[in-house]
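>>> model this:
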Amino acid sequence: MKWKITFLALSLTLFGLLIAWAIKETRPEWKRYQQAEYAQCIEGLKAELELWADPKWGDPEKAKALRERIEGLQRPKVEVKQVLLKGVGLWKDGKNGKKVDRCMTCHVDEDKLLGLHPSIAENFPFELYGCTVCHGGQGESLKLKKAHHGMFSDRKEMLARIATADALLELWKNLAELTPEEGSAASDFKYYGVTGEKAVYVGSAACLRCHKGLTTWHIDRWKNNKFATMEKVKKAPDFIKGDENYKKQCYKCHTTGYDEKTGKYVEEGVTCEACHGPGQFYVYFMSSGKVAEAQRLSKLAFSYDVCGRCHMARNHEARVQFMAQLEAQEKQVNTEVASREEPSSSLSKPASFTRVESSQGVRASKEGEEASSVKPDYEVIAQIVRRSLKASQVKQVESPRLARPEEELPYDWIQDIEDAVALVETSTGSTRESLPHHKVP
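Down below sits the predicted model:
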């Protein structure tokens, strides 16, 4: 009889455990958290709906969209939500498995997440990088305590990790593994801090305070060359004549800390941070007396791949095309000037001249005769120049447009002089400096 009682007790215990297991499986804790998150979302949308549904100043279209969202959330599909991440990782229990992030099983409010991570989500979308790459924790777990084990919940806790360079190096390595671009290296992510936010550029002056004495040879080599590269670019004709969009192509490689989205840069020239990345954490380690950590970060974060981003021939293709356009425009202007009709002159000339276009240039011919058989009297042309200059008392010519007092010399005389000089230059191959009018006493 005793064994029957023992058997009955064990059976009831097993039955109770089976019921408890069934309840736990059908009502896991993640379901409660997910349903609570949906309820919180609905409450927030209802409060927003009250504003937009106002008959006086509300927006019917937005109110309608909000009602539809609320209706959809009232009948949500409660399920495990996860992101399969690139790469293979170790789960906490030591078994190999695909990297998976299930944080969004409970954190289902995407609008809330985007609001908390505005710039981070733009650079590192949740659907590609998940949450644990920055926050830590056990992304594959659906148990609250286990999932949050080793997690850094806010910026303060994250920043506390950088007592050494290890946290930064580990983050950059993980980001390189998760990124969709093949061939990415940890050094490609040295522009970001442990929070996933962009690191701060401190300017070359902050770097030089220490390195001017520590690495003088390196500083002198760059400071006298690449630091001043933007000064040379500013003097280039294509940069001067180019519009803002054209100049932005130059900023990418000839400035430091250039942001393509804002069109702004931190510093002109290729300075320290252009190759080594933002100096925020270098300055932090150096100012904290952790020189060894700064050195380690500098060596492990640097890659010569950074050089290839700018030092490639095709980076100047746009410049070659722009310079060709400028040259073509200049040739067109010169052609138009050369083919300009000679205006009538009030000066009595020994002979009448007509401009004729030919493959040899501009020729002068007497009226009524063939241009090919008439040779211009260069002495007569020189006399026109000499007499006109003497009449205006101009003794020196210093510009392509003959210098003259506007009030003393009529315009048609100047035009005659200009045409005469151009005719002599074109026909004889002479220059203005060799023409007789420079010898007028």
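>>> the residue lying closest to Q280 once chain neighbours are set aside: what secondary structure?
In this structure, Q280 finds its nearest non-sequential neighbour in V200, 4.1 Å apart by CB to CB, 6 or more residues apart in numbering. For glycine as for every other residue, the C-beta is placed from the backbone atoms N, C-alpha and C. Using DSSP: H, G, I helix; E, B strand; the rest coil, the structure places V200 in coil.
>>> distance of V200 relative to A63?
Distance, V200 to A63, by CB to CB, to the nearest Å: 42 Å.
>>> ok, E293 next?
The spacing between E293 and A63, counted by CB to CB, is 55 Å.
>>> out of those two, which sits in the busier spot?
E293 (21 against 17; other CB atoms under 10 Å).
>>> so that one sits against V283, correct?
No - between E293 and V283 there is no contact, the gap being 12.0 Å when judged by CB atoms under 8 Å.
>>> got a list of what Q35 touches?
If you count contacts by CB atoms under 8 Å, 6 or more residues apart in numbering, Q35 has them with 76, 78.
>>> which strand or helix spans it?
helix 29-52 (DSSP states H and E).
>>> how far out from the middle of the chain is that helix?
For helix 29-52, the distance from its own C-alpha centre to the chain's C-alpha centre is 39 Å (CA atoms, centre = their mean, to the nearest Å).
>>> where's A20 relative to L142, distance?
A20 is 18 Å from L142, where distance means CB to CB.
>>> more neighbours: which of the two?
The neighbour comparison of A20 against L142 (other CB under 10 Å) goes to L142, with 17 against 10.
>>> how about the contacts made by the residue nearest to that one when sequence neighbours are not counted?
Among residues not flanking L142 along the chain, W30 sits closest, at 4.6 Å (CB to CB, 6+ apart). The contact partners of W30, by CB under 8 Å, 6+ apart, come to 80, 105-106, 142.
>>> tell me where the model's unsure across the chain.
1, 24-25, 87-98, 340-441 (pLDDT under 70).
>>> quick check: phi and psi on the residue nearest the centre of the chain?
Central residue of the chain (CA atoms, centre = their mean): E260, 2.2 Å from the mean position. When read as degrees, to the nearest 10, the backbone of E260 gives phi -70, psi -30.
>>> isn't it up against Q249?
No - applying CB under 8 Å as the test, E260 and Q249 come out as separate, 10.3 Å apart.
>>> returning to that earlier point: following element in sequence after the helix holding Q35, please.
Using DSSP H and E, the helix or strand that follows helix 29-52 towards the C-terminus is helix 60-73.
>>> ok, residues contacting that next one?
The contact list for helix 60-73 (CB under 8 Å, 6+ apart) reads 38, 41-42, 45-46, 48-49, 52-53.
>>> show me the strands in the protein, by range?
83-90, 96-101, 255-256, 267-268, 353-358, 361-366 (DSSP state E).
>>> can you list the strands that the third one pairs with?
Strand pairing for strand 255-256, using DSSP bridges, gives strand 267-268 (antiparallel).
>>> domain ranges for the protein?
The record's domain parsing of the chain by automatic domain parsing lists 2-73, 83-189, 205-277+304-320, 353-439.
>>> okay, those domains in CSV with distance to Q332 next?
Shown next, in CSV, are the domains of the chain (distance: least, CB to CB, whole Å):
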stretch, distance to Q332
domain 2-73, 54
domain 83-189, 45
domain 205-277+304-320, 15
domain 353-439, 15
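>>> which among those domains is found nearest to S298?
domain 205-277+304-320 (6.3 Å; CB to CB).
>>> end-to-end on the closest one?
This stretch, domain 205-277+304-320, spans 35 Å end to end (CA to CA, to the nearest Å).
>>> could you shift the numbering so residue one becomes 271, and keep it that way?
New numbering, starting at 271: the last item is domain 475-547+574-590.
>>> list only buried entries from the contacts of helix 330-343.
308, 311-312, 315, 319, 322 (16 or more other CB atoms under 10 Å).
>>> can I get those residues in CSV with distance to G328?
Below are the buried ones among the contacts of helix 330-343 laid out as CSV (distance: CB to CB, whole Å):
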residue, distance to G328
Y308, 25
C311, 21
I312, 19
L315, 15
L319, 9
W322, 5
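>>> would you check which pair of these lies furthest apart?
By the measure CB to CB, Y308 and W322 form the most distant pair in the buried ones among the contacts of helix 330-343, at 20.9 Å.
>>> filter the contacts of W300 down to the buried ones and hand me the ChimeraX line.
To isolate the buried ones among those in ChimeraX, judged by 16+ other CB under 10 Å, type:
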select :375,376,412
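>>> looking at the contacts of W300, which one is closest to P395?
Closest approach between those and P395, by CB to CB: T375, at 17.7 Å.
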